[in-house]
Every structure is written in structure tokens, then in C-alpha cells.
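# below is the structure, and that's it, no one-letter string:
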């Protein structure tokens, strides 16, 4: 078990059911610190279930297996505790929060995490200075952050807000669930650049996607194929290109 | 038949009961087996500061104190009207508020109590002169054991306006009623409310707006939260009388039920007897958005704080409509404190 020391995330034989129906059945995956791995698969393979179960959403029943995050039992922690440890999920469909300005939401989240880690809360001036810089780097109009989070935002704006939150919260493990969906090619390039800027030796990423095009911009260290609730193949970046060419048919499911 | 009559006569048969259609969710006869003793004359008492800051303060203790507030034509004033109950007593009182032509009044009305078991009815007769403007903010911070009926009867003149926000955390049984005679003719009404109810508290927001003339506007937004075994009642009636053509009225009531044993009763009613009117109502009762709750938790906000933040934001929409800034801040802090949220929103 020496190698677990370098693993950010280790998923072993994970079984998950939703409403009594098995969705993940024996999924195993290792993600070393500092690496970016892609999880690709057809619709219905369990990609979103994987992201939600790692983030701790209710309604996803773990019926077997283990998930270690930096050696700790991730599944024993509640969602906000996981966030404070450094787990970040970029949602496929970011949620609108009426009545809570984006800045207020982000500062509440940041300081809740810092408090949970025993760190001092960040004061308003430093917080605003940092977010102003991060928003400028993402080409997000700072005035937009005074509006209720995601309310009336376009699909692309919502995805960029996710990446801004990721930059501001500085997670150890970022799970990007279909971050490319709803983005045109220019928005995709900007978002990918920002994701790439956040790559580092202490940060791992799990990029969950149906299509290969996001991986033209976010180059993964490894690619895993998720089909019928398990990882059925793993390889280098070339595997993504092969899937793009040949589809998922040979993994037992039709390409959707 | 009213709580005031019952207190005056000592006859419990005068209490409104569930057999009265307008009182079926706020039954007083079934609740009160006896009335507390009538309030007597009061020795000068030290009363702690009220919730609102204003240069002018009108203090009414156990129904005793000034009974008239008059704003001269063209004058603009901000007045804190404090209705304070001291001791377990029963009382009823009546106040008159009048605004001359073109006057402006911000009335910061608070219900405060230092004891737990009083029963009181407070009736306000309000006359708003032509082109005058009343913003009324009511903060009912009553004791858990209190029984309170507050009924404001507002008569508007042409081109007058009433903007009202009622904020309450309920009581043993509490009815906050507003009746508006709306002349149309450029007059405008906003009737908002927020109720935040816990434990076994009860609050009833009842409003009746009668549009008697053509071209009037009424805008209403009430939001509430009930948890534990609390009960919230919303009754909103808008009557558009024959001839009140081109009336524009919108009513919304939205509530969150945060426990299995809490209850919300809502009755929006539109009675339209005129032509070419634009009237609508929306009414929803539901739970907190689970997707938003998980989203906030995923970003690191612990569940109780996430619930408080989302609930405060839910009622914040109503509070943001308060025009008088000092009262808006008081309302925000009040809601945050009741909900256990940070008051940064």
C-alpha cells in the first residue's frame, strides 16, 4: 500500500445504487497527485453518478467499495466537510441561487471552508481584491458578481462562474462534470485555458466528458472509459481520439 | 364580534370563531377559555429601546397613550409608533393616523411585549389625503404566549399611496389585518409581508383591498417560513367593484414548510366585477430547493448555515422592497437573527 501515499484519489470496487437500481458496479480508479485524468463514456454509463457520489449528494447509496481521498475515507464525510478538505465539483448544471449575490455566496463558502480547516476568515478587502483579479483573468465582468448567483446567467457564464469559484476556493481535487456542455468553441477555449492555469503538482483533476473536444484543450495524463458502471479501459490521451473515431460500441454500449 | 368587544364586555361569546369564514384558521373562541384581567392605569415604567430608530417616537403602553397622529399637508415625517404590552393583561385600543394633502409619513410600527400572556386588539384608522404617501413597516415581535389582533383600516384618496411591509414571528395566536379602500384614480398600493414562524407560533396575514374607482394599482408579495409545529395563514382578497375598470392588481404568496408538523393555510381571492382589468395571483407552498442546498454544501457551507442562507434569501426578496433604508436594515437583521443566518445578504 506504499503507492497510496502519492494518490490523491483512490476508488476501489465502488458500487452505487440510485432508487435501488445499481448504477456503478465495481468501479476502480486511481488518480495520483498533480495529474489530470479524463473519464469518458456514453450517456447513462454513470458519469454524473460518479461525480455526485464523490461530492456526497444524497440519494446515491454506496452498496460496496471504498473511496480514499489523500488516504482518508471520503465516503464517511458530509458534503461540506469534503469541500473543506479540498474536493470541488464543477456542476454540469450549475444551480441558480436567487437572492444571494455571487460575491456573498463565494465569500460565505470560502470562509466556511477556512473555518472548518481552523484557518482565519478572509476579510472583505483581501477577498474582493483576489476575486477581482481572478474574475479579470477569466474575463468575467466583476459587476456580474453582484447579481444573484447564476440567476439569468447564460450557459457559458454559469460554467465560467464555476471555474471562478474553483479558482477562488483553490481545491486539491477538482471534478469537472461535463464542463464543455453548453459552451461554444470560444467559451470552451477560455474555460479550458483557465482550467489549465489551475493545474499544479498539488492539484488533481477528474475531467468527466462525453466528447473528446474538451480534451483538445485540457490535455489529460490518462483517459478512462466508463461503461455500464465500471472502468472498462484506460490509456493515454490517444484513447480519447480512438473513442472519438470509433465510438463506445466496442465497450458494450451504443454511442449516444 | 371581535377580540376588542370580548375584552370590553368580558363576554367570550364575542370572540371570532372557526365558524366565521374569515377567522376559520385563526380561531379565538376555541383558544381562549378566559381572558387576562383588564389593564389598569400604569405606573411610569422603564421600557427598553424599540427595534426602530426615529427622531419621533409615539409610545402606547397597554393601549394607553396618544391616540392621534396627524401629518399636516405637505409635511414629511418619520415616526416610530411603539405598541408595548406590559404584564399579563387584556386591552383594546384605537388609534387614528391621518395624512393631509401631499404629506409623507414613514410609520415604523412595532409590537413589543415584556410579558408572555397578554391579549390585545389594536385598531388603526388611517386616512391618507390626496397625493399623500404612507410607508408603513410593522414589526410584530410578540411573546410566544400572546394573543394579538391588529387591524388597520386604510382609506386612500386619489393619487395617494400606501406601501406596507408587515414582518412577524407570530405569537400564541396573532392576526395582522389590513383593509384598504382604494379609490383608483392614480392611487397605488403595495402590501407586503414576511412571517418567520417556529415552535408553536401562529401568524395570520389577512388583507382586503377594495378597488372602488377606475385605474388603480395594487401589488402584493407575501412570503413566509414555518417550521416545528408553527402555522402560517395568508388570506388575501382583492375586490374590484363595478366601474373600477383598468384596475391592475397582482398578488403573490409563497411559503416554505420546513417540518412535517408545520402548516400553511393560504386563501388568495380575486373578486372582479369590472371590465378591462388585469389581475393575477400566484400561490406556492413548498420545501427548500434541495439542489440549491447541495450546491451550497458542495462549496463548503455546512448544512444548517446553507439552509439559513437560502431561507434568508427567500424572504429577502420582500425585505428588499422596503423603501426606508433604516427599516430595511432592521428587517434584514431581524430575519437573519430569526433564521440563524449571517446578516451580510
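Right, received. Where do you want to start? Worth saying up front: this structure is predicted, and the values here are computed from it rather than measured. Numbering: from 1, shown residues only, chains lettered A, B, ... in the order given.
# residue 234 bridge partners, please.
This is for chain A. In this structure, residue A:234 has the following beta-bridge partners (DSSP bridges): residue A:224.
# you answered for a different chain; I wanted chain B.
Counting by DSSP bridges, the residues bridging with residue B:234 are residue B:205, residue B:266.
# residue contacts, it?
Shown here is residue B:234, whose contacts under the criterion C-beta atoms under 8 Å, 6 or more residues apart in numbering or on different chains are B:193, B:204-206, B:222, B:224, B:253, B:255, B:264-268, B:283. C-beta here means a position set from N, CA and C on the backbone, and glycine is covered the same way.
# same question for stretch A:23-34: list its buried residues.
Judged by neighbour count (16 or more other C-beta atoms under 10 Å in any protein chain shown), stretch A:23-34 contains these buried residues: A:23-25, A:27, A:29-31, A:33.
# could you export those as a markdown table, including distance to residue A:125?
As requested, the buried residues of stretch A:23-34 are arranged in a markdown table below (distance: C-beta to C-beta, whole Å):
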| residue | distance to residue A:125 |
| --- | --- |
| A:23 | 46 |
| A:24 | 45 |
| A:25 | 51 |
| A:27 | 45 |
| A:29 | 42 |
| A:30 | 42 |
| A:31 | 36 |
| A:33 | 33 |
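# within reach of chain B, which of these are there?
With C-beta under 8 Å from any C-beta of the partner chain as the criterion, no member of the buried residues of stretch A:23-34 is in contact with chain B.
# what's the closest of the residues you listed to chain B?
Of all these, chain B sits closest to residue A:23, with 17.5 Å by C-beta to the nearest C-beta.
# quick one, what contacts residue B:244?
Taking C-beta under 8 Å, 6+ apart as the contact definition, residue B:244 lies against B:184, B:211-214, B:216, B:273-274, B:277.
# scratch that, residue B:114 is what I was asking about
For residue B:114, the residues meeting the contact criterion (C-beta under 8 Å, 6+ apart) are B:47-48, B:84-87.
# show the end-to-end separation of stretch A:36-53, please.
19 Å (C-alpha to C-alpha, to the nearest Å).
# and that stretch with chain B, contact?
No: taking C-beta under 8 Å from any C-beta as the criterion, stretch A:36-53 and chain B are apart, separated by no less than 8.5 Å.
# up against chain A, what does the stretch 201-345 of chain B have?
With the criterion set to C-beta under 8 Å from any C-beta, the stretch 201-345 of chain B comes near chain A through B:289-292, B:294-303, B:305-306, B:309-310, B:312-314, B:316-317, B:342, B:344-345.
# quick one: contacts for residue B:187?
For residue B:187, the set of contacting residues under the criterion of C-beta under 8 Å, 6+ apart consists of B:156-161, B:216-217.
# so can I have CSV of the contacts of residue B:114 showing neighbour count?
As requested, the contacts of residue B:114 are exported to CSV (neighbours: other C-beta atoms under 10 Å in any protein chain shown):
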residue, neighbour count
B:47, 13
B:48, 7
B:84, 21
B:85, 28
B:86, 17
B:87, 18
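# what about residue 55, how many neighbours?
In the absence of a named chain, this looks at chain A. Using other C-beta atoms under 10 Å in any protein chain shown, residue A:55 has 22 other residues around it.
# please refer instead to chain B.
Neighbouring residues of residue B:55 were enumerated by other C-beta under 10 Å; the total is 8.
# now do the closest residue to it other than its chain neighbours, the pLDDT please.
Excluding its sequence neighbours, the residue lying closest to residue B:55 (C-beta to C-beta, 6 or more residues apart in numbering or on different chains) is residue B:78, at 6.6 Å. Residue-level confidence at residue B:78 comes out at 98, pLDDT.
# any stretches of chain A with poor pLDDT?
Flagging of chain A using pLDDT under 70 yields the residue ranges A:1-5, A:252-256.
# taking it, what residue is nearest to chain B?
Residue nearest to chain B within chain A (C-beta to the nearest C-beta): residue A:99, separated by 2.9 Å.
# that residue looks like it's in a strand, true?
No: when the secondary structure is assigned by DSSP: H, G, I helix; E, B strand; the rest coil, residue A:99 falls in coil instead of a strand.
# could you measure from the residue nearest to it when sequence neighbours are not counted over to residue B:49?
The shortest distance from residue A:99 to any residue other than its chain neighbours is 2.9 Å, reached at residue B:313 (C-beta to C-beta, 6+ apart). For residue B:313, the distance to residue B:49 equals 29 Å [C-beta to C-beta, to the nearest Å].
# in terms of neighbours, single out the busier of the two.
With neighbours defined as other C-beta under 10 Å, residue B:313 and residue B:49 compare such that residue B:313 has more, 23 against 10.
# that one: helix or strand, and which one exactly?
Residue B:313 belongs to helix B:303-319 when assigned by DSSP states H and E.
# got the buried residues for that helix?
In terms of neighbour count (16+ other C-beta under 10 Å), helix B:303-319 has its buried residues at B:305-319.
# pull the contacting residues for the residue nearest to residue A:70 when sequence neighbours are not counted.
Nearest residue to residue A:70 in three dimensions, chain neighbours excluded: residue A:8, at 6.3 Å (C-beta to C-beta, 6+ apart). Contact criterion C-beta under 8 Å, 6+ apart gives A:31-35, A:69-70, A:172-173, A:204 as the residues in contact with residue A:8.
# could I get those residues as JSON lines with distance to residue A:59?
What follows is the contacts of residue A:8, written out as JSON lines (distance: C-beta to C-beta, whole Å):
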{"residue": "A:31", "distance to residue A:59": "24"}
{"residue": "A:32", "distance to residue A:59": "30"}
{"residue": "A:33", "distance to residue A:59": "30"}
{"residue": "A:34", "distance to residue A:59": "32"}
{"residue": "A:35", "distance to residue A:59": "30"}
{"residue": "A:69", "distance to residue A:59": "21"}
{"residue": "A:70", "distance to residue A:59": "26"}
{"residue": "A:172", "distance to residue A:59": "25"}
{"residue": "A:173", "distance to residue A:59": "22"}
{"residue": "A:204", "distance to residue A:59": "26"}
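# mind checking which of those land in strands?
Among the contacts of residue A:8, the members found in strands (DSSP state E) are A:31-32, A:69, A:173, A:204.
# what's the domain layout of chain B?
When chain B is parsed into structural domains using automatic domain parsing, the resulting residue ranges are B:3-287, B:289-345.
# would you single out the least confident of these?
The weakest mean pLDDT among those belongs to domain B:289-345, with a mean of 92.
# mind checking how far residue A:170 is from residue A:86?
For residue A:170, the distance to residue A:86 equals 8 Å [C-beta to C-beta].
# between the two, who's got more neighbours?
Using other C-beta under 10 Å as the criterion, residue A:170 and residue A:86 rank with residue A:86 on top: 21 against 15.
# what's near enough to touch the more buried one?
By C-beta under 8 Å, 6+ apart, the residues touching residue A:86 are A:170-173.
# and which of the contacts of residue A:8 is nearest residue A:44?
When the contacts of residue A:8 are compared for distance to residue A:44, the smallest value, 23.1 Å, is given by residue A:31; criterion: C-beta to C-beta.
# I'd like the distance between that closest one and residue A:22.
For residue A:31, the distance to residue A:22 equals 23 Å [C-beta to C-beta].
# how far is stretch B:301-310 from where the chain is centred?
The offset between the C-alpha centroid of stretch B:301-310 and the centroid of the whole chain comes to 27 Å, using C-alpha atoms, centre = their mean, to the nearest Å.
# what sits up against that stretch?
Here stretch B:301-310 makes contact (C-beta under 8 Å, 6+ apart) with A:78, A:80, A:97, A:99-100, A:105, A:108-109, A:112, A:116, B:258, B:288-289, B:292-293, B:296-297, B:336, B:339-342, B:345.
# repeat that for 6 Å
A:80, A:108-109, A:112, B:288, B:292-293, B:296-297, B:339-341 (C-beta atoms under 6 Å, 6 or more residues apart in numbering or on different chains).
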